[in-house]
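J.: After the sequence you'll find the predicted model.
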Amino acid sequence: MPLSGPLRAGDAVNRPLALPFASARVAAPLRWDRWTLLTLALCGFVALPVGTVIATAVGPDDGIWAHLLSTVLPVYASNTLWLMLGVGLGTILIGTSTAWLVTMYRFPGRRILSFALLLPLAVPSYVLAFVVTDQLEYAGALQRALRALFGWESAADYWFPEIRSLGGATLVLSLVLYPYVYLLARAAFVEQCFCLFEASRTLGQGPLRSFLRVAVPMARPAIAVGVALALMETLNEFGTVEFFAVPTFTAGIFDVWLNMNSITGAAQLAALLVVFTFGLVLVERAGRRRKRFWATSTRVRALPEYPLGRGLGLAAAAWCALPVLLGFVLPGAVLASYALDFYAVTLSDYAFPGYLWNSLKLAAWAALCTAALGTLIAYGVRVSRDPKIRGAAEAATLGYAVPGAVLAVGIMVPLGLFDNAIDAFSRRWFGLPLGLLLSGSAAALVIGYVARFMALGYRPIDASFSKVTPSMEGAARTLGHGPAATLWRIHLPLVRPSVIAAALLVFVDTMKELPLTLILRPFNFETLATFVYQYASDELLEECALGALTIVAAGVIPVLLLSVGIGRSRPGHAAAVARAPPAGAV
Amino acid sequence: MPGLLLEEVSHRYDSGWAVRDLGFAVEPGEIVCLLGPSGCGKTTVLRLAAGLEPLQAGRIRIGGRIVAEGGKAQQVPPESRGVGLMFQDYALFPHLTVRENVAFGLARSDSRRATWVREVLGEMELEEYADRYPHTLSGGQQQRIALLRALAPRPRVLLLDEPFSGLDEHLRQQIRMETLRRLEGTEASTLMVTHDPEEAMFLADRIVVLHRGRLVQDAAPIEIFERPRDPFVARLFGPVNEFEGVVRSRRVATPLGPVAAGGFEDGSAVLVMVRANDVAVLEGGEESRSSVTGRVRSARTLGLQSELRLRAGGDGIAREIQVRVPGVVLPGEGSELRLAVRAGRAFVYPR
């Protein structure tokens, strides 16, 4: 990568070392050294698409805004808000309750469920939407069975909820997004000093009241972060809402851009969405900041894992199993059975291995670039310890909350300018027309993914850097290692698991990514996601089931890794549980 | 030429000045203790010297070379200063073994990487732990490794941040002695930060007392103890009796009798300080020109010494006096004792 050039180990960068939590210090002018410039350049590159959208949005208005306001905008707004409210409540309810049950109680299947609850994360929402529709629509398995059972003749004989609706979208999205809340809430519960919960019990509060009054408030910052992530995904959602005909802002952007042919209008809608997102980002950041002050106790004890009685235990198991069944087992089983019946068709009629290879290649490049840039940016922020640089890094992560469609606009404009400039340069000096170099190439797609998923690369690595205490950095520096050598020998070995995890998350999200891929892909270039989306929305789910199943299977890998990571996060937990005698029943 | 020289160094955080106009030198082979209560700017001084904090004002030289000058963006980075810094939390690298930690500052080509590291680990009785990871070791072992790691590149300047604060009392004394021996074998200019006056007395060739970021006294340990330059320094070593008074006939009247006013003119308002250990309890036969009678109000013993509280003095200056005497001394409440200030141990300051 050309960027590594100026950062050879041993470079002396003439600046004092960074403290990550810049203690209150007198504001100093920004130091324009190598790390600062590199970090700003990288952030600028990654933030360019979002910046372009905002710049376009405040550009000349061709009157589309007034038109939008009087027609579809209220619908977009109300749909988006209802969807966010529904998904927010749904993910909190499912995520928090299951996290508490598997953390605190012993019941049948707990060990398996504790990681199975993460599995729906592997299912792209549009895939679940297709499967749910396939099963619940008039010709679907459930209604057929009901008609057979009760002897109904037609739709007029009975009432059945319309799945392709706002409610259906809320359900589908809650089922695939609750793992964000579950994951963070569970981590928070595991890290909580259990003594506080016990103190509450001795003060006369029952287990449920202690959960609501002590455990949940302490985990609130983590839950807020999880919900913020889930809602960002909701804002981003295109496949499901399009298929369910629930016009949200994102669907609106596609509509305004492609059908009304107004890039400005689309950008303006997008800018409005960015405002929403900013709110969520602030919530998320505030949550993370507060989390630091909440974990006060250093005494880590094995959690008691109260055994539950037979009835309660089965109820707990059923409650935890339900989201897994609906969000993972059902789509997995349906897709597997279709794939088994139709794999020969898929393989013979479509260039399936080619789609798969395209997906893997793109995902690998996106993962590699995002993790590398995320590491460099996170380290640059730490070395500079300047709030302005941190702000730049935050700007670079905004793409995560911006719908792929919007980012696509933001990428095509600057890439076009760049290509034309290069082409003109080449014609002028070498008499060689280059045409469009990057636009419509796989490289443009990778740039898009990096801009879109930088949050996934930067955040975990940035958070993980806190494992490296400022004194460790100081020790490495006073022992003769420059910033680059310190990054290589101290930070990278210590945060390697986070870098790998970040790369994996980006890999899987890239495989699932739909809208950005649909727009930016080269002509006639299919990935698994575009293949599945196109055929499934034409009601050919059976024929593309193998593709959908492959995406889901790829998504399971990081879920497994996540669940290993969370179990390890509590020092000595597993060993201590094995040794500890069972605690008294609740 | 001093190994480390600070000139008019000032440093400010948003909350206020951490260090103001600080200047002192550490000669090669010398151990200087920076002594002061927590929050007085001691650690900031170390970070400035190491280059971990940008210098805002003043000048820092290492071996005569200017490494940082206030207001200039270009300062010698920590890795090029030739300083060793031992952190209060040791900051051992958790992903490296003991051996790798100690060798971290040595170039890969350095021949001492193998021999020296093995040798010092042996000397410190750490040989068997060479391939273990730091978190598996005890606090005392971690402290030794941190010290060795800082010493390995043979720094010109060695900076120690509260090096013994993480150890319990028993271990502390042993490791203190051990550290002293190891430091005596080096030519490094050692600057050590501590809040423990006893530790400073024990280890330092010179003590620099800091109070609210300013230097109050820079002198040999005995000098600091016997001739504290101001009340703050006098209070560093245990409880002190403080009396306010006015000089009359070159003397100040106190509940413990008149004390010499030193150089103060008649009529000046002064503060007289007498350490609790510097009040002598006179035995039956002993007589002293300036002894007074004190009535015991409470007596408690710590074993090695006893702490008495007595009421002494008359004519409107009667006060409770705190006295520390060696051994177990437990006079009954209400009994009367003869008290006198040890010669030359009443410190007089302007008020």
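T.: Nice, thanks for sending it over.
J.: Not counting its neighbours along the chain, what's nearest residue B:269?
T.: In space, and not counting its chain neighbours, residue B:269 is closest to residue B:351: 4.4 Å by C-beta to C-beta, 6 or more residues apart in numbering or on different chains. For the C-beta atoms, the positions are set from N, CA and C on the backbone; glycine is no exception.
J.: Any regions of chain B where pLDDT drops low?
T.: B:285-289 (pLDDT under 70).
J.: how's chain B carved up into domains?
T.: For chain B, automatic domain parsing gives the domain ranges B:4-234, B:238-350.
J.: Would you mind reformatting these (as CSV) and adding columns for mean neighbour count while you're at it?
T.: Output for the domains of chain B, formatted as CSV (neighbours: other C-beta atoms under 10 Å in any protein chain shown):
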stretch, mean neighbour count
domain B:4-234, 19
domain B:238-350, 16
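J.: Can you lay out those as JSON lines showing distance to residue A:313?
T.: Shown next, in JSON lines, are these (distance: least, C-beta to C-beta, whole Å):
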{"stretch": "domain B:4-234", "distance to residue A:313": "38"}
{"stretch": "domain B:238-350", "distance to residue A:313": "59"}
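J.: still on that earlier bit, for the residue nearest to residue B:269, what are its contacts?
T.: B:244, B:269, B:270, B:271 (C-beta atoms under 8 Å, 6 or more residues apart in numbering or on different chains).
J.: Which of the three states applies to residue B:316?
T.: Under DSSP: H, G, I helix; E, B strand; the rest coil, the three-state class of residue B:316 is coil.
J.: Could you identify the helix or strand that succeeds the longest helix along chain B?
T.: When chain B is scanned for its longest helix (criterion: DSSP state H), the result is helix B:169-184. The helix or strand immediately downstream of helix B:169-184 is strand B:189-194, counting by DSSP states H and E.
J.: and residue 251, what are its phi and psi?
T.: Since no chain was named, I'll use chain A. In terms of degrees, to the nearest 10, the main-chain angles of residue A:251 are phi -60, psi -40.
J.: To clarify, I was referring to chain B.
T.: Main-chain torsions, residue B:251, degrees, to the nearest 10: phi -130, psi 160.
J.: I'd assumed residue B:264 was in contact with it.
T.: No. Using C-beta atoms under 8 Å as the test, residue B:251 is too far from residue B:264 to be in contact (9.8 Å).
J.: Which stretches in the stretch 201-350 of chain A count as strands?
T.: A:306-307 (DSSP state E, counting those that start in this stretch).
J.: for the stretch 151-300 of chain B, same thing?
T.: Using DSSP E, counting those that start in this stretch, the strands of the stretch 151-300 of chain B run over B:157-161, B:189-194, B:206-211, B:214-219, B:240-248, B:251-252, B:259-260, B:269-275, B:279-282, B:292-301.
J.: Looking at the stretch 101-250 of chain B, which residue is nearest chain A?
T.: residue B:105 (3.2 Å; C-beta to the nearest C-beta).
J.: roughly how far apart are that residue and residue B:83?
T.: 11 Å (C-beta to C-beta, to the nearest Å).
J.: shared neighbours of those two, which are they?
T.: Common contacts of residue B:105 and residue B:83 (C-beta under 8 Å, 6+ apart): residue A:478.
J.: Need the pLDDT of residue A:26.
T.: In this model, residue A:26 is scored at 43, pLDDT.
J.: hmm, I was thinking of residue A:7
T.: Note on residue A:7: pLDDT of 30.
J.: tell me the mean pLDDT over the helix or strand hosting residue A:519?
T.: Using DSSP H and E, residue A:519 sits in helix A:515-520. Per-region confidence: helix A:515-520 scores 85 on mean pLDDT.
J.: cool, and stretch A:266-275?
T.: According to the model, stretch A:266-275 has a mean pLDDT of 76.
J.: And that stretch, what's buried?
T.: A:266, A:267, A:268, A:269, A:270, A:271, A:272, A:273, A:274 (16 or more other C-beta atoms under 10 Å in any protein chain shown).
J.: Identify the residues contacting that stretch?
T.: When contacts are defined by C-beta under 8 Å, 6+ apart, stretch A:266-275 is touched by residues A:50, A:53-54, A:56-59, A:61, A:64-65, A:68, A:76, A:235, A:249-250, A:252-254, A:256-257, A:398, A:401-403, A:405-406, A:409.
J.: and those residues, which of them are in strands?
T.: Within these, no residue falls in strands by DSSP state E.
J.: Now do the same contact list for the closest residue to residue B:277 other than its chain neighbours.
T.: Excluding the flanking residues, the one nearest residue B:277 by C-beta to C-beta, 6+ apart is residue B:324, at 4.7 Å. By C-beta under 8 Å, 6+ apart, the residues touching residue B:324 are B:238, B:239, B:276, B:277, B:279, B:305, B:306, B:307, B:308.
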